[in-house]
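Asks: here is my input, please return the structure:
(one chain, ligands or ions: 1)
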Amino acid sequence: MTRSILVLNGPNLNLLGKREPGIYGRETLSDIEAAATKRARELGLTLEFRQSNSEGQLVDWVQSAEQTHGALIVNAGAYSHTSIALLDALRGCGLPVIEVHLSNIFRREAYRHHSYVSEVAQGVICGFGGRGYVLAVEAAAVMLDDQAP
Ligand code: CA2
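Replies: The predicted structure is shown next:
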């Protein structure tokens, strides 16, 4: 199993730190990427970090992830609550999936309480802001260690 992690970010996460700091904080997605990459390196992992506003692009990335990666960290943004296409892709991707949300989706509007991604995720980390990505990298490292021959 390759020790490479793919981190996928969904719609509007490119706006982090630039709008609505009251909900999502002042950290940008680049700041989060830097912190997650640093932790991955410390754990002997490589990490690839991507963001798209397009559901189809995210599906394409999930479909090809197994060729080069050993685990998937996903913050699908609002598609978490709506996308059966992403659920289907994740179900068949052959990799362990860790779901991340910056906010605690269960303390927010009822329409955010359900996530399709959760149905196929090994675990879910939510409510810890950008630090959730670092926690997810640590969880991925444990899972990859467990799978090692
Ligand atoms: O808490 C999370 O990580 C979310 O996935 C963030 C999504 C939201 O739709 C989910 O329910 C929970 C929103 C993405 C960020 O949207 C922004 C919009 C404007 C300014 C900054 C970020």
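
Asks: residue 59 against residue 84, yeah?
Replies: No. With contact defined as Cβ atoms under 8 Å, residue 59 does not count as touching residue 84 (10.7 Å). For every residue, glycine as well, the C-beta is placed using N, CA and C.

Asks: more crowded one of the two?
Replies: When neighbours are counted by other Cβ atoms under 10 Å, residue 59 comes out ahead of the other of residue 59 and residue 84, with 17 against 9.

Asks: look up the closest residue to the more buried one, ignoring the ones flanking it.
Replies: Spatial nearest neighbour of residue 59, chain neighbours left out: residue 89 (4.6 Å); criterion: Cβ to Cβ, 6 or more residues apart in numbering.

Asks: please report how far the one you found lies from residue 3.
Replies: 23 Å (Cβ to Cβ, to the nearest Å).

Asks: same question for residue 48.
Replies: Distance of residue 48 to residue 3, given as Cβ to Cβ: 12 Å.

Asks: quick one: contacts of the helix or strand of the chain with the lowest mean pLDDT?
Replies: Each helix and strand of the chain was given a mean pLDDT (mean pLDDT, DSSP states H and E); the minimum falls on helix 21-24 at a mean of 84. Helix 21-24 is contacted from outside by 16, 17, 102, 103, 129, using Cβ atoms under 8 Å, 6 or more residues apart in numbering.

Asks: output the contacting helices and strands for the helix or strand following it.
Replies: Taking DSSP states H and E as the definition, the helix or strand that follows helix 21-24 towards the C-terminus is helix 29-42. Counting contacts by 3 or more Cβ pairs under 8 Å, 6 or more residues apart in numbering; DSSP states H and E, helix 29-42 packs against strand 4-9, strand 46-51, helix 131-147.

Asks: next, the angle from helix 29-42 to helix 131-147.
Replies: Compare the direction of helix 29-42 with that of helix 131-147 by axes from the mean of the first three to the mean of the last three Cα atoms, to 10 degrees and you get 30 degrees.

Asks: got a list of what residue 105 touches?
Replies: The neighbours of residue 105, taking Cβ under 8 Å, 6+ apart as the test, are 80, 112, 113, 115, 126, 127.

Asks: list phi and psi for the fifth one.
Replies: With angles defined as degrees, to the nearest 10, residue 126 sits at phi -140, psi 150.

Asks: my guess is it meets residue 107, correct?
Replies: No. Between residue 126 and residue 107 there is no contact under Cβ under 8 Å: 9.4 Å.
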